[in-house]
Structures are given as C-alpha cells and as structure tokens.
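K.L.:
got a predicted model here, sequence first, then my questions.
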Amino acid sequence: MDPPLLFSTNAYLKYLIQLRFRGDVHYVWCSEYFDSNTLSRYAAGAGSAPSSNPADIYRQLSLDVTNKDRHSLKISAQKASLTKLAINWERNGEITSDEKAEIIFMVDNAAFDDWRPLLYVIPRSLVSSRIKIVPIHLRASYGVEYIVEDLKRTEFEILEI
C-alpha cells in the first residue's frame, strides 16, 4: 500500500511565481517520505539522496536563508531554474515579455527571506492519476522520486517549520 501523503520542499519565491504567473498551478518534485533518514535502513524509501529528501532540502535552504549565504548552491540553482523557466514560458507563449521581465527581476532582486523553504503536504488521493515517476537516470539516487506537473493549490497544504 502506498503512503497516503507526498512531500515537496520549495522556495517561497517559486510558490509566488507559480501563483501569480501560472494560475496557481505548481510543478513539483516530491517524495513519499518527508525524511528518508528516519526510515529503517532497509525500507524502500531509505535510498533517497539528500538532494531529493524533502527534510534535507528544507533544512539546507532554511540554514542558507538564516545565514544569508550568498554562495548558497540551493538558492543559486533556484535562481537559474526560475530564470530558465521564465524564458521558456515566454518562448512558448505562456507568459508575455513583460511577465518574463518581472519574473527575472523578482529572481534577481529577491531578499533572502524570499528563498525560505515551504513544505507542501500533498494527499496522494488528490493527485494519484497525475503522479509521474521520475526516470531513474534523472534521480539523485535509487530512491523513488515523483513529479506532479499541475498541482493545484487546493490539493496541498503549506507548512513552515
């Protein structure tokens, strides 16, 4: 039996951009476990790497924000990803040039607090038909990772811990 919840850690700025420019529809990578480190070493979900474990992502991003780490790899990766997404969305006609410029401005000028982590708690039953397993060659480890490409705001709760 599959666990009833999925977990995803995302930066507040990513949430805000998807809220404002994507119609409150969110693209998320997620896991069946909040913290795979708490599982038995032989449990199926215990093979998740820190870069795909929601608890580790949350802790690292929180630490980087608290310490105002200007060399944060997590924040740098988010900046690059959101900028690339804005460019692709404009190229695909999903947003206007002005919206792309606004997103890039937001990314380039965000305060540290804008990168704070949010934990999404997603009832599997609400998204079960739309969950995609991440292909093994794209995963950080052998642990199973999932993507929900069109997560609606009514399908998850946000926690800040």
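P.N.:
Alright, I've got the coordinates.
K.L.:
and I147, what pLDDT?
P.N.:
According to the prediction, I147 has pLDDT 97.
K.L.:
ok, A110 next?
P.N.:
98.
K.L.:
strands along this structure, start to end?
P.N.:
Shown for the chain, the strands assigned by DSSP state E span residues 5-11, 25-30, 117-123, 132-133, 146-152, 157-159.
K.L.:
and the shortest one, which strands flank it?
P.N.:
I take that to be strand 132-133. strand 146-152 (antiparallel) (DSSP bridges).
K.L.:
which residues are in contact with the strand it pairs with?
P.N.:
Applying C-beta atoms under 8 Å, 6 or more residues apart in numbering, the contact partners of strand 146-152 are 6, 24-32, 120, 122, 127, 130-134. Where C-beta positions appear, they are placed from N, C-alpha and C, glycine not excepted.
K.L.:
once you drop chain neighbours, what's closest to D24?
P.N.:
R153 (4.6 Å; C-beta to C-beta, 6 or more residues apart in numbering).
K.L.:
nearest to P54, of the strands of the chain?
P.N.:
strand 5-11 (4.3 Å; C-beta to C-beta).
K.L.:
so the closest one versus strand 117-123, what angle?
P.N.:
Strand 5-11 runs at 160 degrees relative to strand 117-123, counting by axes from the mean of the first three to the mean of the last three C-alpha atoms, to 10 degrees.
K.L.:
pLDDT on strand 5-11, on average?
P.N.:
Mean predicted confidence for strand 5-11 is 97.
K.L.:
and it, how far out from the chain middle?
P.N.:
From the chain centre to the centre of strand 5-11 is a distance of 6 Å (C-alpha atoms, centre = their mean, to the nearest Å).
K.L.:
ok so, going back, and the contacts of strand 146-152, which of them are buried?
P.N.:
L6, H26, V28, W29, C30, S31, E32, Y120, I122, V127, V134 (16 or more other C-beta atoms under 10 Å).
K.L.:
bridging residues for the first one?
P.N.:
Bridge pairing for L6 (DSSP bridges) gives the partners I122.
K.L.:
ditto for the fourth one
P.N.:
When bridges are assigned using DSSP bridges, the partners listed for W29 are I147.
K.L.:
so what's it up against?
P.N.:
W29 touches S8, S52, V134, E145, Y146, I147, counting by C-beta under 8 Å, 6+ apart.
K.L.:
would TSV of these with distance to A80 be doable?
P.N.:
Below are the contacts of W29 laid out as TSV (distance: C-beta to C-beta, whole Å):
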residue	distance to A80
S8	19
S52	18
V134	19
E145	20
Y146	23
I147	19
